[in-house]
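# Have a look at this prediction, sequence included:
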Amino acid sequence: MFESMQALPADAILGLIAEYNNDSRAEKIDLGVGVYRTADGRTPVLDVVKTAEQRLVDTQDSKAYLGTAGLQSFNAAMQALTFAGTADDARVTTLQAPGGSGSLRVAAGLLLRARKKPTVWVSEPTWNNHIPLLGGAGLELKPYPYYDTDQHVIEADAMLDALRNVPKGDIVLLHACCHNPSGLDPSEQQWRAISDVIIERELLPFVDMAYQGFAADLDTDAFCIRHLADKVAEMIVTNSCSKNFGLYRDRVGSLSVMAADPKSCAVVASQVSNIVRTIYSVPPDHGAAVVEMILNDDSLTSKWHAELAQMRSRLRDVRVLLHEALKNSAPNRDFSHLTRATGMFCFLGINQEQVNKLKTDFGIYMIGSSRINVAGVTTDNVDYLAESIAAVL
């Protein structure tokens, strides 16, 4: 059966994790894997999550299957967190999915049922799994300009010009905040301009929000979604709870689809339910039950906001920390874009050869594009990191 098959290369990031784990150097630094880390290098379980989990253990009385849409109270809470009342609830259907990736895959299935050959326009660059995940499902993907790798700025004019030439009715994939991999997001003014083009060209906005709360705050980070919800007839939004709730391995996400009217919304709900049934049948419960409990309890919500603010503050602080260290170690090179970016990711701005040299000579690991996860930077390793970077420039 499998004799003719050949082994495929390891995923770039998963392969990097394996190399890092096998490196015996004490000074090694992992800037590749996309998880939040504390100042001491841990990816913790949030205190508010532990509290909710204990309540769940004490009160949950069944492990019976959920329906295809998942936990309805979770869906309602996520819909409120996403739209904050800017969308007509009768036109929006939300379902629980296994992580942001699961919600993206279900959305892809919906688009393939809605149109024979749908085209999705994605930013250049975009999250490294967008293309294999959505393209692997059967969607045709095309790029639009987004990031200037030399100036480390958003190519706003080129992006708008490209979108103005997208065929009417096509789909445009947007990052709501903390753009992965660049870390640079449009301003509110730029989001308004992007929305105007989407309306003018009758495009379907497909917004991926994996980092709500990691850029400015929960409301500001959802600006583009709420602005669009008031202006377009249809929209798709995918959410992940991996980062802002720290529920990586519990695989918690949601998919929201806004339709033109309540009747169309009911049709969409039936279609996504059927898609779920043919892929994974029903979603897992535990993580979603934890999120639902946090979002529907004022005391737990307040504690979550505080812990989220701490994570956001640390990411801002280490960007400044690394920038200051690089100003000392490499004064002739401008790394100011590190402090203009938000969230966990940004491009360091070095070439593949320099990336390889950092790995082999200094035990510093990042993917070939020089995208780094700044959560891997600490007060203990920042000087070594900056000096190593300066050494390979």
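Alright, I've got the coordinates.
# residue ranges with poor pLDDT in the stretch 151-300 of the chain?
By pLDDT under 70, the stretch 151-300 of the chain has no low-scoring segment.
# Going by residue numbers, what spans are helices in it?
With DSSP state H, counting those that start in this stretch, the ranges of helices along the stretch 151-300 of the chain come out as 156-164, 188-201, 223-229, 262-279, 286-295, 298-329.
# Which elements pack onto the longest one?
Under the contact definition 3 or more CB pairs under 8 Å, 6 or more residues apart in numbering; DSSP states H and E, helix 298-329 sits against helix 47-59, helix 286-295, helix 337-340, helix 382-392. All C-beta atoms are positioned from the backbone trio N, CA, C, and that covers glycine.
# wait, what's in contact with the closest residue to N351 other than its chain neighbours?
Leaving out its chain neighbours, the residue that sits closest to N351 by CB to CB, 6 or more residues apart in numbering is S370, at 7.5 Å. By CB atoms under 8 Å, 6 or more residues apart in numbering, the residues touching S370 are 347-351, 354-355.
# Of these, which pair is most distant in space?
Using CB to CB, the contacts of S370 span at most 12.3 Å, a distance reached by F347 and Q354.
# out of these two, which sits in the more crowded spot?
More crowded of F347 and Q354, by other CB atoms under 10 Å: F347, with 21 against 16.
# so what's the more buried one scoring on pLDDT?
F347 is assigned 96 on the pLDDT scale.
# these two touch, right, T93 and C265?
Yes - counting by CB atoms under 8 Å, C265 is a contact partner of T93 at 5.4 Å.
# can you list the domains in the protein?
12-45+300-392, 65-296 (automatic domain parsing).
# Please name the residues that touch the nearest residue to K327 once chain neighbours are set aside.
Leaving aside its sequence neighbours, K327 sits nearest to F335 (CB to CB, 6+ apart; 7.4 Å). Residues in contact with F335 (CB under 8 Å, 6+ apart) are 322-323, 326-327, 348-349.
# Only whichever of those residues are buried, select them in ChimeraX.
In ChimeraX syntax, the buried subset of the contacts of F335 is picked out as below (16 or more other CB atoms under 10 Å):
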select :322,323,326,348,349
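# show me where the stretch 1-150 of the chain has helices.
Counting by DSSP H, counting those that start in this stretch, one finds helices in the stretch 1-150 of the chain at the ranges 12-22, 47-59, 72-83, 99-114, 130, 136-137.
# And the ones you listed: which comes nearest V382?
For the helices of the stretch 1-150 of the chain, the distance to V382 is smallest for helix 12-22, at 18.0 Å, taking CB to CB.
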